[in-house]
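Colleague: Please work out how this folds:
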Amino acid sequence: MLHLTSTDIAGRIEDLYGAPLADLRAHAQDQPPGMLSALLGMHDTLALAERSIDFHRDHLTRLIHPERQIGPHEVSHLLDGTRRLAEAVAIREIQAKSIAAVLQSLARAPAPTPASPTPSPLASAAPLAAQSVAHSR
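Modeller: Reported below is the predicted structural model:
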């Protein structure tokens, strides 16, 4: 299974919209809710889950340090930390799959092709010969 990180997702969003994430965030604030704001929200949730995973993993690592005694009090902290780590991993997986599926379904719109100039009917027509007002003899 492919594990996309928030950094990978940010790159895909930037590629899709053709602008850096910070610029997209600023732009989305001035717009009604739409696909861009949804993608940015999903990215934020994914990034938060990744930070939570790092925090809880580090916390558990400190709790089970080989020089540290694990007593009855620490067991409840271990269980709580393990539960929180599992929740963060589940959120990350769900968010990563969801946003990857949405991004895969979207494609960057091709740049508009410049319209070929249409000649004006008057400009292309040959000028009419001036008619003389004088009577012929």
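Colleague: Where do the helices of the protein begin and end?
Modeller: In chain order, the chain shows helices spanning 6-17, 21-29, 35-63, 72-105, 121-124, with DSSP state H as the criterion.
Colleague: Pick out the shakiest of those helices, pLDDT-wise.
Modeller: With a mean of 48, helix 121-124 has the lowest mean pLDDT of those.
Colleague: re the thing from before, now the helices of the chain as TSV including mean neighbour count?
Modeller: Yep, even glycine has a C-beta here, placed from its N, CA and C like the rest. What follows is these, written out as TSV (neighbours: other C-beta atoms under 10 Å):
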stretch	mean neighbour count
helix 6-17	17
helix 21-29	14
helix 35-63	16
helix 72-105	14
helix 121-124	7
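Colleague: how far away is the residue nearest to Arg25 when sequence neighbours are not counted from Ala22?
Modeller: The spatially closest residue to Arg25, leaving aside those adjacent along the chain, is Leu40, at 6.1 Å (C-beta to C-beta, 6 or more residues apart in numbering). Look at Leu40 and Ala22: by C-beta to C-beta, to the nearest Å, they are 11 Å apart.
Colleague: separation between Lys97 and Arg84?
Modeller: Per C-beta to C-beta, Lys97 is found 21 Å from Arg84.
Colleague: next one: Ala22
Modeller: For Ala22, the distance to Arg84 under the criterion C-beta to C-beta works out to 30 Å.
Colleague: Ok, Ser37 next?
Modeller: Shown here: Ser37 relative to Arg84, a distance of 28 Å by C-beta to C-beta.
Colleague: Before I go, just wanted to say thanks for your time.
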